[in-house]
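1. 3D, please:
(2 chains, ligands or ions: 2)
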Amino acid sequence: MKAAVLKKPSAFYDKFERKGGAHQETTHYCPGCGHGNLHKLIAEALTDFNVADRTILISPVGCSVFAYYYLNVGNVQAAHGRAPAVATGLKRANPNSIVISYQGDGDLAAIGTAEILHAANRGENISVFFVNNAIYGMTGSQMAPTTLVGQKTTTTPYGRKVSNEGFPIRMAEIISTLEAPVYVERTALIDFKSISRTKRAVRKVLQNQIENRGFSFLEILSPCPTGWKLSAPDAQQWIRDYMLPVFPTEVFKDTTKDAETLQYSHREYTDGEVLDVLGLSELGERKEVTKEFLDNFPVQNMKIAGFGGQGVLSAGVVIAACGMNENLDVTWIPSYGPEMRGGTANCSVIISNKRIGSPLTTKPNVLIAMNGPSLDAFEDDVVPNGLVIINSSIVERRVKRKDVVTLYIPLTEIASNLGLTAAANMVCLGAYLEFTGIMDYKLLFDVIPKTIKRKNMIETNIKAVEAGVQYVRENAGKN
Amino acid sequence: MQRELIKGNEAVIKGALMAGCSMYFGYPITPASEIAQAAAALFPLLGGTFVQAESEVAAINMVYGASATGARVMTASSGPGLSLKQEGISYIAGAQLPCVIIDVMRAGPGLGNIWPEQGDYNQIVKGGGHGNYKTIVLAPNSAQEMCDLTMLAFDLAEEYRNPVVVLTDAYIGQMMEPVEFPRSRKKVKRQPWAVHGDAESQGNLVSSILMNTTLLEDHNFALQKKYEKVAQENTRYEALHIDDAELILIGYGIVSRILLNVMQMLRDQGKKVGMIRPITLFPFPQKAIADACEVAKKIMVVELSNGQMLDDVKLAVQGKSEIEFYNRMGGAVPTVDELLEVVQKYI
Ligand SMILES: Cc1ncc(C[n+]2csc(CCOP(=O)(O)OP(=O)(O)O)c2C)c(N)n1
Ligand code: SF4
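-> Numbering: from 1, shown residues only, chains lettered A, B, ... in the order given. Ligands and ions are numbered 1, 2, ... in the order given. Below is the predicted model of the structure:
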């Protein structure tokens, strides 16, 4: 008969150099602690599956914060409770790696409840090992969310009271109610039989990830002799007597067989593809404009205002784009914050031959009032000799100011005659450019197709521009 | 090349993608939501990852995980979200991981409101989380800089292995301006310190824990040295008309845009007014301000917070010049006329 040679699995370091100090052969765990056992089972499985080099282990905050001393894999240490979020980042960045989130009950079931539930719910293709020892080992035996009713800890010195602390939380059961997880089991580390079962479960949970089947979760009832103030054998008996009745060991969910395996693909994108996706391929070259045009351009400080739905914001974008195409500096900003008033939607547009400071036009030299409240709100702000364009289809009154230039146009009426009331804004822009001559109104024909999302509306919007131009030509001087 | 008329918040995402960023983890909040929405629309089309996390706490820890693989990764939020991210930022700084965080500031404290403010200055520029760390902080004031400084942020983050925050405000984020984008996407290099999930990186450890006090002290001193190096190599600011300025205006972000008008108007009147706009808030352009004080008798600080940047200006000025201060808070932004009136009192 051949004797089985017991040796350390290669995924376990021979010497724990990261630990430092004198005893680099032994772990920092207390005698009889479950963590060490579980580390070994994980290391064995990683070695057997030959995936240690692909594995990234996340050490949590808790007694296993130093798991990276022992496992010869890529290691990342995470903040308290956040390991499943860290695992999400690691796995998404590197789908080929095997990512292990190793956590205690304080880490996973208290401070990190949100992270574990949502990683499970997203079905992250990771393996979670959840060590339930019904106590906070590392910080000195305080209550855990899994502490049993009546159990004494340093923060439940009279025993856990339901009226004050509620009941122990059953994470495996909770996780198993979610749709995405493919495997959820609870085992224990008490005796040979339960350890063998844990060993099988550890392999299953890792195997699932290697086969890209999705989220797998193993809760392990684990002795903490120090925290419980018991000898190692008594600690095992304590699990049997007190934990098992509350935390049954079973497979709560196994849809591994039906789980579709996740497919990962990766490829590089050419610069051409990137520019296409970002909508930057068809911008073309910048237009040459004469120095004379730039030098003489009169700065436009525009306020465009009206009801929501009258297209005041998009009119602003279109006219700003015309300015940009003419190599001018432009800004556009929607009505925002305290500046919003009178129940109107409005935007500020500045078109300038100089570097623009504040994008907000508090003293416009062009006001476009698409409705009455807009005229009421902004008339007084217009600078002397400024231009006020009024949508006379809707605005019932005349401009009170005598020191401004006015242009009354039945914008809505003209637009609805073309069959598209919403194009009143473009009628306005056509009229504005024709009236002021600051830029060629034909610039709008380039900009509109690029700015208007609904392609079947482009033609009508262009007709609207022409109608605005036409109106100004026919009614010049009549205002 | 022609420019694109685009919102600052969207320019951030296009810039990030051109900088080789492939992963975005975030949680929605006004006024930063357009960043998440643009990321959700564009990242998957280039094989990248977009995950809407369950909280900002989770989002920054996803960033930590992705960054540990050397990927270029980012998140974005506003004040309330940044408060939650501080734990993760401290870990990222401690573990010396690179990442880019965008803070589109809104008004606080608490839920405050969604209008622009600069009240996150201290929590971003001074560390914010626990421990002796700093983030590199860039403060754009245009849509073009939203793109350019986001791209720069990825390079600085990688060069110094440190989180970089782009600190901006609701106005700069919402405003549309022409932006010229680069034409070729940056290739991301493999980082020797990262965990890639392969044999070559098997021995690597990403961690911020050092139980040995000597080692942790050494680590802390090394971090401070790194921050000094950043200060020497990458302090950025824009100075306008400071050579003869008797009064120098100091402001960043949207405030600097308003100050630009004020300065121009006063210059037109023949007044000797100049301006310094910090582009990096950490490192703060201390020397530039100190040097300007040789000529300028007066410094005027304008901010949308309770003197948070003023403290840094005082440290730079060292009593050499008089300092005047004007601020608005709660989402109120001064108009050009308002500031003009204030500034005129001092020149
Ligand atoms: C944010 C934060 N809060 C609290 C702590 C302190 N702390 C460290 S470990 C721990 C509890 C760990 O208990 P558990 O997860 O059950 O692991 P165990 O030590 O029992 O293995 C706590 C509260 C911390 N490190 N970080
Ligand atoms: S305190 Fe408990 S959990 Fe921590 S090492 Fe000791 S036995 Fe293990």
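2. can you list the domain ranges for chain B.
-> Per the record, chain B has its domains at B:2-233, B:237-344, by automatic domain parsing.
3. would JSON lines of those domains with mean pLDDT be doable?
-> JSON lines is the format used below for the domains of chain B (pLDDT from 0 to 100):
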{"stretch": "domain B:2-233", "mean pLDDT": "97"}
{"stretch": "domain B:237-344", "mean pLDDT": "97"}
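4. most tightly packed of these?
-> Neighbour counts (mean count of other Cβ atoms under 10 Å in any protein chain shown) averaged over each of the domains of chain B peak at domain B:2-233, with a mean of 22. For glycine as for every other residue, the C-beta is placed from the backbone atoms N, C-alpha and C.
5. next, the distance between the ends of that one.
-> From its first residue to its last, domain B:2-233 covers 32 Å (Cα to Cα, to the nearest Å).
6. now stretch B:42-58
-> End-to-end distance (Cα to Cα), stretch B:42-58: 22 Å.
7. now check it, is it near chain A?
-> Yes. Taking Cβ under 8 Å from any Cβ of the partner chain as the criterion, stretch B:42-58 and chain A are in contact, through B:L42, B:L45, B:L46, B:G47, B:T49, B:V51, B:A53, B:E54, B:S55, B:V57, B:A58.
8. of those residues, list those near ligand 2.
-> Among the residues of stretch B:42-58 next to chain A, no residue is within reach of ligand 2 (Cβ under 6 Å from any ligand atom).
9. beta partners for the closest residue to A:K354 other than its chain neighbours?
-> Leaving aside its sequence neighbours, A:K354 sits nearest to A:D329 (Cβ to Cβ, 6 or more residues apart in numbering or on different chains; 6.8 Å). Beta-bridge partners for A:D329, by DSSP bridges, are A:S352.
10. what residues sit buried inside stretch A:189-204?
-> A:L189, A:I190, A:S194, A:I195, A:T198, A:K199, A:A201, A:V202, A:R203, A:K204 (16 or more other Cβ atoms under 10 Å in any protein chain shown).
11. the residues of stretch B:42-58 next to chain A: which two are farthest apart?
-> Among these, the pair separated by the greatest distance (Cβ to Cβ) is B:L45 and B:V57, at 28.2 Å.
12. just to revisit the earlier point, tabulate the residues of stretch B:42-58 next to chain A (TSV), appending secondary structure and distance to A:N391.
-> Below are the residues of stretch B:42-58 next to chain A laid out as TSV (DSSP: H, G, I helix; E, B strand; the rest coil; distance: Cβ to Cβ, whole Å):
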residue	secondary structure	distance to A:N391
B:L42	helix	37
B:L45	helix	40
B:L46	helix	43
B:G47	coil	48
B:T49	strand	47
B:V51	strand	46
B:A53	coil	46
B:E54	coil	47
B:S55	coil	47
B:V57	helix	50
B:A58	helix	49
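13. isn't B:I299 up against B:I248?
-> Yes. B:I299 lies in contact with B:I248 (Cβ atoms under 8 Å); the separation is 5.2 Å.
14. what residues are shared contacts of those two?
-> Common neighbours of B:I299 and B:I248 are listed as B:I289, B:A292 (criterion: Cβ atoms under 8 Å, 6 or more residues apart in numbering or on different chains).
15. what helix or strand is the residue lying closest to B:G129 once chain neighbours are set aside located in?
-> Excluding the flanking residues, the one nearest B:G129 by Cβ to Cβ, 6+ apart is B:S90, at 3.2 Å. Assigned by DSSP states H and E, B:S90 belongs to helix B:79-94.
16. so the closest residue to A:G372 other than its chain neighbours: helix, strand or coil?
-> Using Cβ to Cβ, 6+ apart and skipping the chain neighbours, the partner closest in space to A:G372 is A:V395 (5.0 Å). Assigned by DSSP: H, G, I helix; E, B strand; the rest coil, the conformation of A:V395 is coil.
17. ok, now which ones touch the residue nearest to B:G129?
-> By Cβ under 8 Å, 6+ apart, the contact set of B:S90 is B:G127, B:G128, B:G129, B:H130, B:G131, B:Y133, B:S208.
18. sitting in strands, which of those residues do you find?
-> The members of those all map outside strands under DSSP state E.
19. and of the residues you listed, the nearest to A:N353?
-> Nearest to A:N353, judged by Cβ to Cβ, of those is B:G128 at 41.8 Å.
20. what segments of the stretch 101-250 of chain A are helices?
-> Listed in chain order, the helices of the stretch 101-250 of chain A (DSSP state H, counting those that start in this stretch) span A:105-106, A:113-122, A:162-165, A:171-176, A:192-210, A:225-228, A:232-238, A:244-246.
21. apologies, that question was intended for the stretch 1-150 of chain B.
-> Shown for the stretch 1-150 of chain B, the helices assigned by DSSP H, counting those that start in this stretch span residues B:8-18, B:33-42, B:56-67, B:79-94, B:121-125, B:143-160.
22. go through these and name the closest to B:D243.
-> Checking those against B:D243 by Cβ to Cβ gives helix B:143-160 as the closest, at 24.0 Å.
23. return the list of helices and strands in contact with the closest one.
-> When contacts are defined as 3 or more Cβ pairs under 8 Å, 6 or more residues apart in numbering or on different chains; DSSP states H and E, helix B:143-160 packs onto helix B:8-18, strand B:99-105, strand B:136-138, strand B:163-169, helix B:170-174, strand B:176-179, helix B:213-234.
24. can we see that at 6 Å?
-> helix B:8-18, strand B:99-105, strand B:136-138, strand B:163-169, strand B:176-179 (3 or more Cβ pairs under 6 Å, 6 or more residues apart in numbering or on different chains; DSSP states H and E).
25. in PDB, list the C-alpha atoms belonging to it.
-> The C-alpha coordinates for helix B:143-160 follow below in PDB (Å, rounded to 0.1, in the frame of the first residue of the first chain):
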ATOM      1  CA  ALA B 143     -15.500  72.500 -21.900                       C
ATOM      2  CA  GLN B 144     -12.100  72.200 -23.700                       C
ATOM      3  CA  GLU B 145     -10.400  71.900 -20.300                       C
ATOM      4  CA  MET B 146     -12.900  69.400 -19.200                       C
ATOM      5  CA  CYS B 147     -11.600  67.200 -22.000                       C
ATOM      6  CA  ASP B 148      -7.900  68.200 -21.700                       C
ATOM      7  CA  LEU B 149      -7.600  68.000 -17.900                       C
ATOM      8  CA  THR B 150      -9.400  64.700 -17.800                       C
ATOM      9  CA  MET B 151      -6.900  63.300 -20.200                       C
ATOM     10  CA  LEU B 152      -4.100  64.800 -18.200                       C
ATOM     11  CA  ALA B 153      -5.600  63.400 -15.100                       C
ATOM     12  CA  PHE B 154      -5.100  59.800 -16.400                       C
ATOM     13  CA  ASP B 155      -1.500  60.500 -17.300                       C
ATOM     14  CA  LEU B 156      -0.700  62.100 -13.900                       C
ATOM     15  CA  ALA B 157      -2.600  59.300 -12.000                       C
ATOM     16  CA  GLU B 158      -0.500  56.700 -13.800                       C
ATOM     17  CA  GLU B 159       2.800  58.600 -13.500                       C
ATOM     18  CA  TYR B 160       2.500  59.200  -9.800                       C
END
